[in-house]
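Peer 1: build me a structure from this.
(2 chains)
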Amino acid sequence: MAKVKLPDGKLLDVPDGTTIGEIAQKIGAGLAKAAIAAHIQGRTVDLSTPVKGEVDLRILTTKDPESIEIQRHSCAHVMAEAICRLWPSTKLVYGPTVRDGFYYDIDLDEPVRPEDFERIEAEMNKIVTADSPMKRIEVSRQQALQKVAGDPYKTDNIQRATGDVISFYSHGDGFADLCRGPHVPSTGKVGFFKIMSVAGAYWHGDASQKMLQRVYGTCWPTKKDLQDHLDRIEEAKKRDHRIIGRQLDLFSFHDEGPGFAFLHPKGMIVWNAIIEFWRKVHDRYGYSEIKTPIILNEALWHRSGHWDHYKENMYFTTVDEVNYAIKPMNCPGGLLVYNTHKHSYREFPMRVAELGLVHRYEASGQMHGLVRVRQFTQDDAHIFCMPEQIESEIIGVIELVQELYGAFGFKDYHIELSTKPAKHIGSDEIWEIATNALAGALKHKGLAYQINEGDGAFYGPKIDFHIEDCLKRSWQLGTIQLDFSMPERFELVYTAPDNTEKTPVMIHRAILGSLERFLGILLEHYAGNLPLWLSPEHARVMPISEKTNEFAERLVVRIKQAGLRSSLDASSDKIGAKIVRAHADKVPYMLVVGPKEAEADSVSARIRGGQDSKIVSVQQWIEMTKNKIAEKAMDLAI
RNA sequence: GCCAACGUAGCUCAACGGUAGAGCACCGGUUUUGUAAACCGGCGGCUGAGGGUUCGAUUCCCUCCGUUGGCUCCA
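Peer 2: The predicted model follows:
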């Protein structure tokens, strides 16, 4: 007899070899029906698993968050079977779960097209309706290799798998796929799904390998969850910075310059508001600012190591038969400035910032609105210091990051620490010291971080700050990079307290990262409803009729004199239409004025997104708005 | 760069291989308006570019450019 301990502490005696499914049945028909898989001794297993001895058992139902992972994984298998039925020459490669769903990589010469999705779904529905059991078949590694002989993908999967027992899952009717499991008990339990997209994907993510087709699907426990997810995607699309940028007339892109953003007047207002604030904070944190040229002699880039490590991403030009490079980074220029005179340890830490315009060649398939471009402005800085100052300087940068991100309303970002890449300069010893200093600073600030093995820059390890866009794609904003190599290449020195010349340590750092990317992320974060201090237009003055146009015109002038931004909607439209337009432009304050307001020198103020209006004096509104801007207030309430 | 899809007016979208349309925007006029779209009229296109098939191509085929979603790469 096996002793089964249930989550509520109850003990159940069942004969050895009883399956978990049978136990669920014993506990109740409802549970058996909802059961997806089980936790046993801390492992997730199939319901067909037999029990023996003393076990802790928890049956997972569709209500448990863990079970959706299993459903999605099983759904991937159902899709794989459906695709194999439709295209019998399909070779299956790999089908994991991802956020919100799953994908399956397949090797099939004929392209799967979006118009095929319905057929695939229909075939999947047949498999689901059949509700055939998903049976686990365990074989030895040797037998498994025999079973998949001739299939390079599955053979590779087995070779990568650990353990001596290799499992396959069959849905009956001849379909079986190599899989670790666990799976839902039968094909009817995979939940509600939809095929979303198909894209190319290299085998093992290696561009030299064959390109496979990756079919993406989403899968949810209930029909409503599926619909909610599809609705969320629709909502997210409305936040897309590329759409908002056009709607609000902030920036544009043109065929004449792919990957090069054109900023419009309203976009420049936001841009300048960001920079103005950035300069103020950097000044407070003890930074000076420089500006270095965009085009510099190619020889500089040989010396810096960029020629050997970054050439593929650089633009070049020739003037008077001399070769020049368009800078992809600001550091070499900054180092030339450093070397214009001698430095003392007394100047250290020396923090030198630069809003540097850099160009990086990106393959055509990489570009994405403002967040992945070929020309961007880095909010760069280079800190020169002594080795013993590294950790406190890194801590200072982290504090600056937190202050800046906080001011813009970003709270959800994650941190990565990237270590030595295969292609690098500098000794292993130097890399270790640098990496430890970065990790030490993060620990000191009590920040959680993820380690990215081998993902550092060629000249040093780095800390990166990442944030997600509206489609849940993660983008890097800030970066802190330690560099012991560049100062040596450029023979940077400082005079130490003992009157010897030493090589300084250099920290590269960018906080907003790329101003273009930052603007894009900012727009998505606020769905275009920028905080007051960043809004291109603080208020729009809207006269009820032409009778009040004159008062309205004077009001716009007074608002400008107060240092605020407003525009006038003097069109012959009725007030309702003006309000609609102001909302479309996401203007924070709508100042409606008619004869009554003109008489009392007041405005009927409406807040973006709201329904009601409030009468306040012009003076009051100006004071309040100025205060809110000074405080960078998020709340528009009057 | 690779795989797939897409590209029609400033924007959002129509148009079985048979004379390219609508709404919004813009311009003109009427209306003088009180809080999420008043009315009438007008302007607007080498259908991304180039080639091919066809009596005839926005539509079918090819090449290029660009965009979108992925892959790889990166701020």
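Peer 1: so what does A:L108 have for phi and psi?
Peer 2: Note on A:L108: backbone dihedrals following degrees, to the nearest 10 are phi -150, psi 130.
Peer 1: over to A:L357?
Peer 2: As for A:L357, its main-chain torsions (degrees, to the nearest 10) stand at phi -90, psi 120.
Peer 1: so what's it closest to, chain neighbours aside?
Peer 2: Nearest in space to A:L357, with sequence neighbours left out and distances taken as Cβ to Cβ, 6 or more residues apart in numbering, is A:T377 at 5.3 Å. For the C-beta atoms, the positions are set from N, CA and C on the backbone; glycine is no exception.
Peer 1: element containing the closest residue in space to A:A381 that isn't next to it in sequence, please.
Peer 2: Once flanking residues are discounted, A:A381 sits nearest to A:A353: 4.0 Å by Cβ to Cβ, 6+ apart. Using DSSP states H and E, A:A353 sits within strand A:350-359.
Peer 1: burial check on the residue nearest to A:A381, number of neighbours?
Peer 2: As a burial measure, A:A353 scores 25 neighbours (other Cβ atoms under 10 Å).
Peer 1: what residues are bridge-paired with it?
Peer 2: Taking DSSP bridges as the rule, A:A353 bridges to A:E289, A:A381.
Peer 1: and the residue nearest to A:L357, what does it touch?
Peer 2: Going by Cβ atoms under 8 Å, 6 or more residues apart in numbering, A:T377 touches A:355-358, A:514-516.
Peer 1: using CSV, write out the CA atom coordinates for the host helix or strand of it.
Peer 2: Here A:T377, judged by DSSP H and E, is contained in strand A:375-385. What follows is strand A:375-385 as a C-alpha-only set of coordinates in CSV (Å, rounded to 0.1, in the frame of the first residue of the first chain):
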residue,chain,number,x,y,z
GLN,A,375,21.7,57.2,-35.6
PHE,A,376,21.1,58.1,-32.0
THR,A,377,22.1,60.4,-29.2
GLN,A,378,23.7,58.8,-26.2
ASP,A,379,23.6,60.4,-22.8
ASP,A,380,27.1,59.3,-22.3
ALA,A,381,29.7,60.0,-19.7
HIS,A,382,33.2,58.8,-18.8
ILE,A,383,34.4,58.8,-15.3
PHE,A,384,38.1,58.7,-14.7
CYS,A,385,39.1,57.5,-11.3
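Peer 1: quick one, that strand and strand A:350-359 angle?
Peer 2: Inter-element angle recorded for strand A:375-385 and strand A:350-359: 160 degrees (by axes from the mean of the first three to the mean of the last three Cα atoms, to 10 degrees).
Peer 1: so, in contact with RNA strand B or not, strand A:375-385?
Peer 2: Yes: applying Cβ under 7 Å from any atom of the strand, one finds strand A:375-385 in contact with RNA strand B at A:376, A:378.
Peer 1: after that strand comes which helix or strand?
Peer 2: Per DSSP H and E, the first helix or strand lying C-terminal to strand A:375-385 is helix A:390-407.
Peer 1: what does the stretch 251-400 of chain A put close to RNA strand B?
Peer 2: Proximity of the stretch 251-400 of chain A to RNA strand B, by Cβ under 7 Å from any atom of the strand, involves residues A:253, A:255, A:258-259, A:360, A:362-369, A:371-374, A:376, A:378.
Peer 1: okay, and the beta partners of the residue nearest to A:I451 when sequence neighbours are not counted?
Peer 2: Nearest residue to A:I451 in three dimensions, chain neighbours excluded: A:L417, at 5.2 Å (Cβ to Cβ, 6+ apart). With DSSP bridges as the criterion, A:L417 is bridged to A:I451, A:I463.
Peer 1: just checking, A:L417 touches A:G460?
Peer 2: No: at 11.9 Å, A:L417 does not count as touching A:G460 under the criterion of Cβ atoms under 8 Å.
Peer 1: and these two? which has more neighbours close in?
Peer 2: A:G460 (27 against 20).
Peer 1: contact partners for that one?
Peer 2: Contact analysis of A:G460 by Cβ under 8 Å, 6+ apart lists A:426, A:431, A:434, A:481-485, A:508.
Peer 1: cool, and A:E118?
Peer 2: The contact partners of A:E118, by Cβ under 8 Å, 6+ apart, come to none.
Peer 1: quick check: mean pLDDT of the helix or strand hosting it?
Peer 2: According to DSSP H and E, A:E118 maps onto helix A:117-130. The average pLDDT for helix A:117-130 rounds to 94.
Peer 1: check whether that helix comes near RNA strand B.
Peer 2: No: using Cβ under 7 Å from any atom of the strand, helix A:117-130 never reaches RNA strand B; the gap is at least 10.8 Å.
Peer 1: that older thread, for the contacts of A:G460, which one is nearest A:P387?
Peer 2: Nearest to A:P387 among the contacts of A:G460: A:F484, at 8.9 Å, using Cβ to Cβ.
Peer 1: tell me the residues of the stretch 451-600 of chain A that contact RNA strand B?
Peer 2: Neighbours of RNA strand B within the stretch 451-600 of chain A, by Cβ under 7 Å from any atom of the strand: A:455, A:457, A:464, A:471, A:473, A:475-477, A:479, A:510, A:513-514, A:516-517, A:544-547, A:571-577, A:579-581, A:583, A:590, A:592-597.
Peer 1: take those and keep only those in strands.
Peer 2: With DSSP state E as the criterion, strands contain A:464, A:475-477, A:479, A:510, A:513-514, A:590, A:592-593 from among these.
Peer 1: lowest-confidence one in those?
Peer 2: A:W475 (89).
Peer 1: so what's the residue count around the closest residue in space to that one that isn't next to it in sequence?
Peer 2: Residue nearest to A:W475 in three dimensions, not counting chain neighbours: A:V371, with 5.4 Å by Cβ to Cβ, 6+ apart. If you count neighbours by other Cβ under 10 Å, A:V371 ends up with 23.
Peer 1: OK, contacts around A:V371?
Peer 2: A:V371 sits next to A:241, A:469, A:475, A:514, A:516-517, A:520-521 when contact means Cβ under 8 Å, 6+ apart.
Peer 1: go on, A:A38?
Peer 2: Going by Cβ under 8 Å, 6+ apart, A:A38 touches A:20, A:44-47, A:49, A:57-60.
Peer 1: tell me the secondary structure of it, please.
Peer 2: State at A:A38, reduced to three classes by DSSP: H, G, I helix; E, B strand; the rest coil: strand.
Peer 1: one more: A:E110?
Peer 2: A:E110 ends up coil, using three-state DSSP.
Peer 1: what sits closest to it if chain neighbours are left out?
Peer 2: Using Cβ to Cβ, 6+ apart and skipping residues adjacent in sequence, the residue nearest A:E110 is A:W87, 6.3 Å away.
Peer 1: for that neighbour, phi and psi?
Peer 2: Here is the backbone geometry of A:W87 (degrees, to the nearest 10): phi -130, psi 90.
Peer 1: follow-up on the earlier one: and the strand holding A:T377, which residues are buried?
Peer 2: By neighbour count with 16 or more other Cβ atoms under 10 Å, strand A:375-385 contains the buried residues A:375-385.
Peer 1: what pLDDT does A:E432 get?
Peer 2: At A:E432, pLDDT is 88.
Peer 1: so it is in which element?
Peer 2: A:E432 belongs to helix A:428-444, assigned by DSSP H and E.
Peer 1: what about whichever residue of the stretch 251-400 of chain A sits closest to RNA strand B, neighbour count?
Peer 2: Closest approach of the stretch 251-400 of chain A to RNA strand B (Cβ to the nearest atom of the strand) occurs at A:G365, with a separation of 2.1 Å. A:G365 has 7 neighbouring residues, counting by other Cβ under 10 Å.
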